[in-house]
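Trainee: fold the following for me, if possible:
(4 chains)
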2 protein chains.
Amino acid sequence: MFNSKVMMTNLRERRRLRTTDTIHCTAIDLIYKYGLDDVTTEMISKNAGISPRTFFNYFPYKEAALLPPESELSLEAVEKFVNGTAPLLDDLVDLIIPFAEPYGKDPIMLRKLFEISETHPKLLALKVNAFHDFDKKLAMILALRTKDSEQRSDMMAALISTAMRVAMARWVEGDSGRISEYILQSFQELRTAFND
Amino acid sequence: MFNSKVMMTNLRERRRLRTTDTIHCTAIDLIYKYGLDDVTTEMISKNAGISPRTFFNYFPYKEAALLPPESELSLEAVEKFVNGTAPLLDDLVDLIIPFAEPYGKDPIMLRKLFEISETHPKLLALKVNAFHDFDKKLAMILALRTKDSEQRSDMMAALISTAMRVAMARWVEGDSGRISEYILQSFQELRTAFND
DNA sequence: TGCAAACTTTGCAGTATGTGCAATGTTTAA
DNA sequence: TTAAACATTGCACATACTGCAAAGTTTGCA
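Mentor: Sure thing, here's the model as predicted:
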């Protein structure tokens, strides 16, 4: 019921979240302005009001500070999807839209991030990695629902995740609309892509 | 007619290729044995018989030495594909199989590489990046052939490249067969994936 | 409230990656 | 044979990142 990441009573965790967010935003801003190579961890730390050593208590490497906080698939949504009976892609939409919406909440930050990652392979890689993790989860969930072979689930998951990636890229490039519309559109294309 | 990477008359280039390959193989072997973090560029250099400084003349960063040399789409094949009239996926097979075959030539090396990259996110990212470059080229080529919108070409290219990635992953995991069979199989699945 | 255990921040010293430059050596093409 | 082009190397330097131990905070419990 309660999102554990928001409802935090204790000071320690609230502080930790706040610091994480401060570093994250500081990093994005600086790197957007000056480029990845001209921004040092020292600079980020100074601007975020922490020591350089502390930076690495929060993020394992410089680039990690750029990634948006991960969104999670909710357990209920997963369960509903696994037992769903509507056409696969329809049920999938219900699973994935709520997952994707949080990324749409801070479009400015996300656009900056996408723009930065176009110019820097290391960052592009991170973005892609995030989708890869999603892939694996999705493959598991698909396997639960469809009882297909592992091979087939892997392929479907990879394709779906690709469609999402494309949808987000389009959403970031375009300058209007909700992220969910783009995902719907992508899934539609997925359905008809290779029916020639 | 001649593959410019193989038919090299001059000493300079032959040496360069040989050194590149030596470093590449040395790096894979060492890292496969000891893990990415316990192998330094100094170690690789010493084993490859070059100075540490020279290592960075050949590869911009340590991990780059692990990637297999890039295969290129041949110009003729591209042209043939763009003007092709068979169903898209059939023509595509002819374009892509020759591109993929070189990777299949050194399966041991490639398997090591995949294995290493499973355990190490940085490397996984590099692998994925390689596919991303391929994506972009493919999208261009598709656009030339189909006269579809840029959007649609991007999506198709992303999906096709995903299918290839899955095919290669399967090929590496399995222990028999030619890489091209796996690609054919993947494309088949692509055709029927979302026809429910 | 007060105190011990748990956790956080920081400084410091150290290792590794990666770059620019200039000296020295090798290959090329004429 | 020679001058221009290119390759290798050593050295000095900046930055990324880690382990450790000292000092400061927060917590839960008596």
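Trainee: against which helices or strands is the longest helix along chain A packed?
Mentor: When chain A is scanned for its longest helix (criterion: DSSP state H), the result is helix A:121-146. Counting contacts by 3 or more CB pairs under 8 Å, 6 or more residues apart in numbering or on different chains; DSSP states H and E, helix A:121-146 is packed against helix A:75-82, helix A:88-104, helix A:107-119, helix A:150-173, helix B:121-146. For the C-beta atoms, the positions are set from N, CA and C on the backbone; glycine is no exception.
Trainee: and the angle for it with helix A:75-82?
Mentor: If you take axes from the mean of the first three to the mean of the last three CA atoms, to 10 degrees, helix A:121-146 sits at 60 degrees to helix A:75-82.
Trainee: center of chain A, which residue is that?
Mentor: residue A:70 (5.6 Å; CA atoms, centre = their mean).
Trainee: how close does the spatially closest residue to that residue that is not a sequence neighbour get to DNA strand C?
Mentor: Distance criterion CB to CB, 6 or more residues apart in numbering or on different chains; nearest residue to residue A:70, sequence neighbours excluded, is residue A:130 at 7.5 Å. Per CB to the nearest atom of the strand, to the nearest Å, residue A:130 is found 21 Å from DNA strand C.
Trainee: separation between residue A:130 and chain B?
Mentor: For residue A:130, the distance to chain B (CB to the nearest CB, to the nearest Å) stands at 10 Å.
Trainee: that residue - how many residues pack around it?
Mentor: For residue A:130, the neighbour count with other CB atoms under 10 Å in any protein chain shown is 15.
Trainee: picking that back up, I'd like the distance between the residue nearest to the centre of chain A and residue A:21.
Mentor: The gap separating residue A:70 from residue A:21 is 14 Å, by CB to CB, to the nearest Å.
Trainee: same question for residue A:74.
Mentor: In terms of CB to CB, residue A:74 sits 22 Å off from residue A:21.
Trainee: repeat that for residue A:85.
Mentor: 41 Å.
Trainee: neighbour count winner among these two?
Mentor: More crowded of residue A:85 and residue A:21, by other CB under 10 Å: residue A:21, with 12 against 6.
Trainee: the helix or strand encompassing the more buried one - what's its average pLDDT?
Mentor: Element membership of residue A:21 [criterion: DSSP states H and E] is helix A:11-34. For helix A:11-34, mean pLDDT is 96.
Trainee: repeat that for stretch A:84-101.
Mentor: Averaged over stretch A:84-101, pLDDT sits at 94.
Trainee: mind listing what's buried in it?
Mentor: Under the neighbour-count criterion of 16 or more other CB atoms under 10 Å in any protein chain shown, stretch A:84-101 has A:88-89, A:91-93, A:95-97, A:99-100 buried.
Trainee: also stretch A:158-177?
Mentor: Neighbour-count burial for stretch A:158-177 [16+ other CB under 10 Å]: A:158-172.
Trainee: show me the domain layout of chain A.
Mentor: A:11-66, A:75-192 (automatic domain parsing).
Trainee: so which of these comes closest to residue B:37?
Mentor: domain A:11-66 (12.6 Å; CB to CB).
Trainee: show me what from chain A comes close to DNA strand D.
Mentor: Neighbours of DNA strand D within chain A, by CB under 7 Å from any atom of the strand: A:10-12, A:15, A:39-42, A:53, A:56, A:60-63.
Trainee: so residue A:194 sits against residue B:189, correct?
Mentor: No - using CB atoms under 8 Å, residue A:194 is not in contact with residue B:189, being 10.0 Å away.
Trainee: quick one, which of those two is more surrounded?
Mentor: residue A:194 (21 against 18).
Trainee: for chain A, give me the ranges with low pLDDT.
Mentor: A:1-8, A:196 (pLDDT under 70).
Trainee: how about the residues of chain A by chain B?
Mentor: A:87-89, A:121-122, A:124-126, A:128-129, A:132, A:151-152, A:154-156, A:158-159, A:162-163, A:165-166, A:169-170, A:186, A:189-191, A:193-196 (CB under 8 Å from any CB of the partner chain).
Trainee: can you do 7 Å?
Mentor: Contact residues, chain A versus chain B (CB under 7 Å from any CB of the partner chain): A:87-89, A:121, A:124-126, A:128-129, A:132, A:151, A:154-156, A:158-159, A:162, A:165-166, A:170, A:186, A:189-191, A:193-194, A:196.
Trainee: now do the same contact list for residue A:167.
Mentor: For residue A:167, the contact set (CB atoms under 7 Å, 6 or more residues apart in numbering or on different chains) comprises A:182-183, A:185-186.
Trainee: try 6 Å
Mentor: By CB atoms under 6 Å, 6 or more residues apart in numbering or on different chains, the residues touching residue A:167 are A:182-183, A:186.
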